[in-house]
Every structure is written in C-alpha cells, then in structure tokens.
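A.B. asks: Show me how the following folds:
(2 chains)
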Amino acid sequence: MRITVTVNGSEHHREVEPRLLLIHFLRDELRLTGSHWGCDTSNCGACVVWLDETPVKSCTVLAAMADGRQVVTVEGLARGGELDPVQRGFAQCHGLQCGFCTPGMMMTARWLLNRNPDPTPVEIREAISGQICRCTGYENIVRAVRWASEYEAQARSGGGLQGVLPNQHGDDDAEVIT
Amino acid sequence: MQVPAHVEYEKAASLEDALSLLARYGPGAKILAGGHSLIPMMKLRLVQPEVLIDINGLTDLCHITVTDAQLRIGALARHVHLLESPAVGRYFAILRDAEQVIADPIVRNWGTIGGSLCQADPSEDLSAAFAALKGTMVTSGIEGIRTVSAREFHTGPYETVVGPAEVLTEIRVPLAGISGSAYLKVARRVGDWPVGAAGAAVWLDGDTIVDAGIGLTAVGARHFAAAEAEDYLRGRPAVDDVLARAGEIAAENCRPVSDQRGPADYKRHLARELTTRVLRTAVRRARENAAADGYAA
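C.D. replies: Sure thing, here's the model as predicted:
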C-alpha cells in the first residue's frame, strides 16, 4: 500500500506492506536510525517517537497507521544545528551510558516538558516508567530532565545562562539550581 | 525479530464504512484501534487476521462526556483521555485510579478503552472497573445498535459478545445518587499484568449502602464481579466490619489460579484485602462527594 508520512517536517511517500511496523519504516525505509528497535514487545520504550505530537512505542504501531500523520523522531529534536535543551541536559548530566534507551527517553522528556515545564523528580519517573534503561542510569536521566527544565525556565525569564547552570555528574547538590 | 504475518489493510472512513468492510471480509477481518493488544498478539501469531480494518480515523468515537444522567465514553477514546478527564476524576474516581496503573504512560497514549475491553484479557483492569460501575456496552452492526451490560459483555477469556460484523462503539455508565468509587491493583512492576486487583462503587443513603458494585481482576471472578459480596452489602450500614466481611465474601467466591505472578492463596488474600480497602475508599469518597454537593450522607 502507498503511504505518506511527514517525518520531522519532511513528507515521505513509500510503498509498504501493511504489516510493516513504524520503527522499521523509520529505520529501514527512511534510514532514520536514531530511534532504536529494542524489546519488540512494547516494554522497553527505546523506540518511542511522536505520532501527531504524542509519544508512542513505534514497535507497536504499523507504518500504515501513520499514513497522513506527523511523526517526530530524535533526529527532529535539534533545531537549526542547536541541540534541544533536553539533549543538552543528557550531555551535561551524564544522562546516558550505553545510549540505547536515550532516543526514547529524550522524546518522552521533551513531551513531558512541553506539558509540564517544571516536573518534580517523581513526575519525571512516572513519565518514563514505561521505558527501561538497562544501564540503570535513572538518577542521571531524572537530573538531565530537571536540567532541561531549569535551563528553559532561565531562558524564559531572560536571565543570563552563562555560569548559572553547573555541570552535573551525579553530585549530591546536582539538583539545586536556583 | 517479531513482525506480524502478512495481512491486508483497510482504512475505515466512517463507522458505516467499517461495518460494511467487516461484512465484506467476514470473520477473517479484525478491527484495528490502538493496536496495543492486537499487534503484539499478531507478532506472536496468537491471532492472524486476514484483513485489518483501521478505525483510528473515526473521531466521532473519541468522546468522553458526562451529562446529568450518565458518562459516555467513545470506544476509540485513548486511556490517557480517560485518565485526564476532570469530569471522570470527579464522578468516577475508580476509572482514574485504574487508568493510573494500566500499562504505562506511553502505552496509555495510544491504546484505546474499547480495544482493551474487546481484548477481554482476564487480567485487564477496565472490565472490572466497568463491572463495578454497572456500565453498559453499546455495539453497532449493520442491523443496528445493541446494548449489553458490562457483566454480560465477556463470554470467556479473550471472548466477548461483539459479533464478527459488529463494532463496540461506546461505554455508558449511569450517574445516580450519592456515590463514590475506587480501584486498587497489586502488580510486580509498571506495565505488568496485576497479581490481583479490585474496584468498588457504592451508593449511599445516609449511612446505609443502597447498592454496591465490586469488580475483581485476575482472580477468577465470574463476570469480573463479586455478586455475593454486593448482595451482602445492600441495605447494610457502611461501617468497617461490614466492609471487611464483604471482602471475605468476595475472596470466598473467586477462583484464582497459581501462576508466575503468585500462588492462588495469595491472590485470594489480595481479593479480600483489596476489596475491603476499595470499599473503604469508595465510602469515604461518597461522603466527600455528598458534602461537596451539599447533601447529607
């Protein structure tokens, strides 16, 4: 069947089998290999992308179901060569180790911050509770999302960012950004 | 690598279109809503439809509305919509409680209420919640609309009364009197099926229980309900020892089986304890609702 999917703002037309999963469409057809194909059973969340602005597990969505819809993948987070604050937060706070879960974690984090710009650590943990970091690096993932939240709050208030946001590598005071 | 077997695909443009596609393709066709139960089943070859009829475009099945008389939930409403509906949280706390522990936030974004109910997994939470609320399922077919009570909806594991040429379109729950409700689940981790779960709805007149609904999940309860415990509660005072006795009756009348999530006697213990706890919470909420609405209860 013929489908048209807008991915990261670009329209793609492809002839696909109806049984093709969205994750394989993105990785194999469009060569967007940022989204990772993990457990295949909707448990791990490595494959999370946005479908019409909502995070979904793309191993459990058919490419056919995305026909006529908008998809955003991790490749779509950076704008004009500028990393998204969520990406910067993961870099600043050592939010990834092996990196396999990272694309999915970041897509959920961006969505969370769009809905809730100042989430508590508990709210962050709830948001990513359907996603698994096999390195068990959850502490730093939570810190990374908090970093992005604080960064965006500073940016919104027009405050200078230089020197305000410390590098955070798991220090005890890592969450204190005032 | 898990991928579904070869399948044909049709996108329904309307409910009528979906029904005529079902009629054209026969029993080999399956309705595709969120797909979060169906696609994993297809990957495992537990189900192998010849044709998928995608109804995700039927936006008129996505509603959640509360009127004076009832809550109406479109079958295509996503779990997240039920979870985040202020009206549902206010009047049907059992649904909000249940949705907080169904699957995980990402799955709740796309999985649908109707899909969960039609999957009819014995461990699925909403079946018990709607059994407790004494809801009604509405199905549409070429020959018209049928309604069936939530407790009659399931005919067995993974089986419902929805015919091969029918679609579940709406769930209705009556909104009447002074009521409160709650749901509790014990699970090993986020996203796992429950070891056991219970939901309750109570309707009060002063301190007397006028009516009660108790739903049980994953413990082998007939129709996901604890009818004997409900019978016991009707007309009795809403006090702790009565609620505890109802928990015992619920546990005595369910038939859990031992599996990797726990032994049968532990699940029976959960049925008793969770039933008692959700009844207590439901009674407290009924009193709070009454106070908020200016009634004495």
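A.B. asks: alpha carbons only for contacts and neighbour counts from here, please
C.D. replies: Noted.
A.B. asks: now whatever residue of chain A ends up closest to chain B, nearest residue through space, not along the chain?
C.D. replies: Closest contact between chain A and chain B, by Cα to the nearest Cα, is at residue A:130 (4.9 Å). Nearest-residue entry for residue A:130: residue B:104, 4.9 Å, with adjacent residues in sequence omitted and distances by Cα to Cα, 6 or more residues apart in numbering or on different chains.
A.B. asks: Contact partners for the spatially most central residue of chain A?
C.D. replies: Closest residue to the average C-alpha location of chain A: residue A:107 at 1.7 Å, with Cα atoms, centre = their mean. Residue A:107 sits next to A:48, A:49, A:50, A:55, A:73, A:74 when contact means Cα atoms under 8 Å, 6 or more residues apart in numbering or on different chains.
A.B. asks: PyMOL command to pick out the buried ones of these?
C.D. replies: Listed next is the PyMOL selection for buried residues among the contacts of residue A:107, using 16 or more other Cα atoms under 10 Å in any protein chain shown:
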select buried, chain A and resi 48+49+50+55+73+74
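A.B. asks: thinking again about what came up before, right, and the residue nearest to residue A:130 touches residue B:193 too?
C.D. replies: No. Between residue B:104 and residue B:193 there is no contact under Cα atoms under 8 Å: 11.2 Å.
A.B. asks: picking up where we left off before, run through the residues that contact the residue nearest to residue A:130.
C.D. replies: A:129, A:130, B:190, B:191.
A.B. asks: thinking again about what came up before, so the residue of chain A closest to chain B sits in a strand?
C.D. replies: No. Counting by DSSP: H, G, I helix; E, B strand; the rest coil, residue A:130 falls outside a strand, being coil.
A.B. asks: Contacts only, for it.
C.D. replies: A:43, A:44, A:45, B:103, B:104, B:105, B:106, B:107, B:190, B:191.
A.B. asks: In a markdown table: those, plus distance to residue B:31.
C.D. replies: Shown next, in a markdown table, are these (distance: Cα to Cα, whole Å):
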| residue | distance to residue B:31 |
| --- | --- |
| A:43 | 23 |
| A:44 | 26 |
| A:45 | 25 |
| B:103 | 21 |
| B:104 | 23 |
| B:105 | 23 |
| B:106 | 21 |
| B:107 | 18 |
| B:190 | 27 |
| B:191 | 24 |
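A.B. asks: Scan these and report the most crowded one.
C.D. replies: The residue in the contacts of residue A:130 with the most neighbours, by other Cα atoms under 10 Å in any protein chain shown, is residue A:45 (34 neighbours).
A.B. asks: If we check chain B, which of the contacts of residue A:107 are in contact?
C.D. replies: residue A:55 (Cα under 8 Å from any Cα of the partner chain).
A.B. asks: mind giving me JSON lines with the contacts of residue A:107 and columns for pLDDT and secondary structure?
C.D. replies: Converted to JSON lines, the contacts of residue A:107 look like this (pLDDT from 0 to 100; DSSP: H, G, I helix; E, B strand; the rest coil):
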{"residue": "A:48", "pLDDT": "98", "secondary structure": "strand"}
{"residue": "A:49", "pLDDT": "98", "secondary structure": "strand"}
{"residue": "A:50", "pLDDT": "98", "secondary structure": "strand"}
{"residue": "A:55", "pLDDT": "98", "secondary structure": "strand"}
{"residue": "A:73", "pLDDT": "98", "secondary structure": "coil"}
{"residue": "A:74", "pLDDT": "98", "secondary structure": "helix"}
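A.B. asks: quick one: which two of the contacts of residue A:107 are the most distant?
C.D. replies: For the contacts of residue A:107, the farthest-apart pair by Cα to Cα is A:55 and A:74; their separation is 11.3 Å.
A.B. asks: shared neighbours of these two, which are they?
C.D. replies: A:49, A:107.
A.B. asks: ok, residue B:175 to residue B:282 distance?
C.D. replies: Distance, residue B:175 to residue B:282, by Cα to Cα, to the nearest Å: 15 Å.
A.B. asks: Strands of chain A, residue ranges please.
C.D. replies: With DSSP state E as the criterion, chain A has strands at A:2-7, A:10-15, A:48-51, A:54-57, A:70-72.
A.B. asks: Just say which of these is most tucked in.
C.D. replies: strand A:48-51 (a mean of 27; mean count of other Cα atoms under 10 Å in any protein chain shown).
A.B. asks: May I have the strands that pair with that strand, each with its orientation?
C.D. replies: strand A:54-57 (antiparallel), strand A:70-72 (antiparallel) (DSSP bridges).
A.B. asks: List, one by one, the residues from the stretch 151-297 of chain B near chain A.
C.D. replies: So the stretch 151-297 of chain B meets chain A at B:190, B:191 (Cα under 8 Å from any Cα).
A.B. asks: Low-confidence bits of the stretch 151-297 of chain B, can you list those?
C.D. replies: B:295-297 (pLDDT under 70).
A.B. asks: Quick check: phi and psi on residue B:71?
C.D. replies: phi -90, psi 130 (degrees, to the nearest 10).
A.B. asks: Show me what it bridges to in the sheet.
C.D. replies: residue B:66, residue B:173.
A.B. asks: same check, this time on residue A:14
C.D. replies: Residues in beta-bridge contact with residue A:14 (DSSP bridges): residue A:3.
A.B. asks: Please report how far it lies from residue A:152.
C.D. replies: Distance from residue A:14 to residue A:152, counting by Cα to Cα: 37 Å.
A.B. asks: re the thing from before, comparing residue B:175 and residue B:282, which residue is more hemmed in?
C.D. replies: Comparing residue B:175 with residue B:282 by other Cα under 10 Å, the one with more neighbours is residue B:282, at 25 against 16.
A.B. asks: so what's that one closest to, chain neighbours aside?
C.D. replies: Leaving aside its sequence neighbours, residue B:282 sits nearest to residue B:181 (Cα to Cα, 6+ apart; 4.1 Å).
A.B. asks: what's the answer for residue B:227, then?
C.D. replies: Nearest non-adjacent residue to residue B:227, counting by Cα to Cα, 6+ apart: residue B:214, 7.3 Å away.
A.B. asks: For that neighbour, list each beta-bridge partner.
C.D. replies: Applying DSSP bridges, one finds that residue B:214 bridges with residue B:200.
A.B. asks: which residues does it contact?
C.D. replies: Here residue B:214 is in contact with B:128, B:131-132, B:198-201, B:225-227, B:229-230, B:275 (Cα under 8 Å, 6+ apart).
A.B. asks: Just the ones of those residues in helices?
C.D. replies: B:128, B:131, B:132, B:227, B:229, B:230, B:275 (DSSP state H).
A.B. asks: out of the residues you listed, which one sits closest to chain A?
C.D. replies: So of the ones in helices among the contacts of residue B:214, ranked by how close each gets to chain A (Cα to the nearest Cα), first place is residue B:128, at 23.0 Å.
A.B. asks: Share the number of residues neighbouring residue B:120, please.
C.D. replies: 21.
A.B. asks: Not counting its neighbours along the chain, what's nearest it?
C.D. replies: Per Cα to Cα, 6+ apart, closest to residue B:120 is residue B:158, 4.4 Å.
A.B. asks: my read: residue A:95 touches residue A:141, true?
C.D. replies: Yes. Under the criterion of Cα under 8 Å, residue A:95 makes contact with residue A:141 at 4.5 Å.
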